[in-house]
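S.K.: Sequence and predicted model, in that order:
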Amino acid sequence: MPASTQRSTLSMGMRASSAVAAQLQAEVTSVGIIGGGRGGQQLLALFRSSDRTHVAYIVDRNPAAPAVQEARSAGIATFTDIHSALNSVNVDYVMEATGSDAVIEDLRVALAGRATHLMTHDMAYIVINALHAERAATVELLAHGVHEIKDHVSRSLDAIATLAESIRATTDSMRILTLNARIEAARAGQAGKGFAVVAQQMEKSSDTVRDLTSRIEQINETIRPVLDASDRIEASLEHLG
């Protein structure tokens, strides 16, 4: 096969793969929820938290049901009649959250021959519990990791602060020695030039160490927000848990 043909075939294959990947990425599953009670609320919260699912409607005979009110506030269609919802909006899945065998049978008859899948309250309950358990395990894992990072950073900050304090104390001692050397040089006159040179060198060293201490403290202040951020992350994880 000519090289140009191979390149053309490869290019077409890559474009086709990209198109399929884009289609899968953009694919959103639509769901309708039957039941506006606690189970319906859980399903509504679960599916609204994902960008891969779209809640098309919620059905409950009681227009004041909690999930119906939440859906209405979110701009989601609400119905008081199951058949009105099924005939008005096509969805990929109907989630039954009433716990009523009569409702389940009604839905099975109404959905017969349709492409829409039915998930009963038992199946929905299993899915919700599994997802909650997975989320709890993920939160616990993340919390443990954040705690370890926070603990490590905290110990590092304490060690750096202790080091900076030690350097500062050494700098103070060097400044005292420098002052003493200058005094001795002044007393000794011409013979004390050696003291003056030592004092000058010690003063330079003291300035260098003082500058180093200042930089260490700046690094400490730069790292400290990491602890604040980890505190906020831990609080968020506790809320999720």
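M.R.: Here it is on my side, so go on. Residues are numbered from 1 along each chain as shown.

S.K.: residue boundaries of the helices in the protein?
M.R.: 3-26, 38-48, 66-73, 82-88, 101-111, 121-188, 193-240 (DSSP state H).

S.K.: what does the fifth one rub up against?
M.R.: Right, the one you point to is helix 101-111. 34-35, 82-83, 86, 94, 96, 118, 120-121 (C-beta atoms under 8 Å, 6 or more residues apart in numbering). C-beta here means a position set from N, CA and C on the backbone, and glycine is covered the same way.

S.K.: Same check on stretch 40-55?
M.R.: In contact with stretch 40-55 (C-beta under 8 Å, 6+ apart) are residues 27-34, 58, 60, 65-68, 70-71, 74, 76, 95, 97, 124, 128, 131.

S.K.: which among these end up buried?
M.R.: 30-34, 58, 60, 65, 67-68, 70-71, 76, 95, 97, 124, 128 (16 or more other C-beta atoms under 10 Å).

S.K.: before we move on, the earlier item: looking at neighbours, which among the contacts of helix 101-111 is most surrounded?
M.R.: residue 34 (29 neighbours; other C-beta atoms under 10 Å).

S.K.: I'd guessed that residue sits against residue 93; true?
M.R.: No: using C-beta atoms under 8 Å, residue 34 makes no contact with residue 93, being 10.9 Å away.

S.K.: Do you know the pLDDT at residue 6?
M.R.: Looking at residue 6, its pLDDT stands at 45.

S.K.: ok, residue 106 to residue 34 distance?
M.R.: 9 Å (C-beta to C-beta, to the nearest Å).

S.K.: Now do the domain split for the chain, please.
M.R.: Domain assignment of the chain by automatic domain parsing yields the ranges 3-119, 135-240.

S.K.: one step back: can you list the contacts of helix 101-111 in JSON lines and add pLDDT and distance to residue 164?
M.R.: JSON lines is the format used below for the contacts of helix 101-111 (pLDDT from 0 to 100; distance: C-beta to C-beta, whole Å):
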{"residue": "34", "pLDDT": "95", "distance to residue 164": "65"}
{"residue": "35", "pLDDT": "94", "distance to residue 164": "62"}
{"residue": "82", "pLDDT": "95", "distance to residue 164": "70"}
{"residue": "83", "pLDDT": "95", "distance to residue 164": "74"}
{"residue": "86", "pLDDT": "95", "distance to residue 164": "70"}
{"residue": "94", "pLDDT": "94", "distance to residue 164": "65"}
{"residue": "96", "pLDDT": "93", "distance to residue 164": "65"}
{"residue": "118", "pLDDT": "92", "distance to residue 164": "67"}
{"residue": "120", "pLDDT": "87", "distance to residue 164": "65"}
{"residue": "121", "pLDDT": "81", "distance to residue 164": "62"}
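
S.K.: so which two of those residues are the farthest from each other?
M.R.: With C-beta to C-beta as the measure, no two of the contacts of helix 101-111 lie farther apart than 83 and 121, at 19.1 Å.
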